[in-house]
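Colleague: any chance you can model this:
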Amino acid sequence: MRGENILQLGAIMIRKRISDVFSERQEEL
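Modeller: This next block holds a predicted model:
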């Protein structure tokens, strides 16, 4: 795999993690 592919995969995972945390905080409110 290329380094670029790994960086893209990491960025996607980070975005998913942020969206999950954001949705959880929305439920708390």
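Colleague: avg pLDDT for stretch 13-28?
Modeller: Mean pLDDT, stretch 13-28: 93.
Colleague: just the helices from this structure, written as ranges.
Modeller: Along the chain, the segments classed as helices by DSSP state H run 3-28.
Colleague: export stretch 11-18 as PDB, just CAs?
Modeller: Only the C-alpha atoms of stretch 11-18 are listed here, as PDB (Å, rounded to 0.1, in the frame of the first residue of the first chain):
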ATOM      1  CA  ALA A  11      -8.400  10.600   7.900                       C
ATOM      2  CA  ILE A  12     -11.600   8.700   7.200                       C
ATOM      3  CA  MET A  13     -11.300   6.800  10.500                       C
ATOM      4  CA  ILE A  14     -10.700  10.000  12.400                       C
ATOM      5  CA  ARG A  15     -13.700  11.700  10.700                       C
ATOM      6  CA  LYS A  16     -15.900   8.700  11.600                       C
ATOM      7  CA  ARG A  17     -14.600   8.800  15.200                       C
ATOM      8  CA  ILE A  18     -15.400  12.600  15.500                       C
END
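Colleague: and it, what's buried?
Modeller: Buried positions in stretch 11-18, judged by neighbour count with 16 or more other Cβ atoms under 10 Å: none. Yep, even glycine has a C-beta here, placed from its N, CA and C like the rest.
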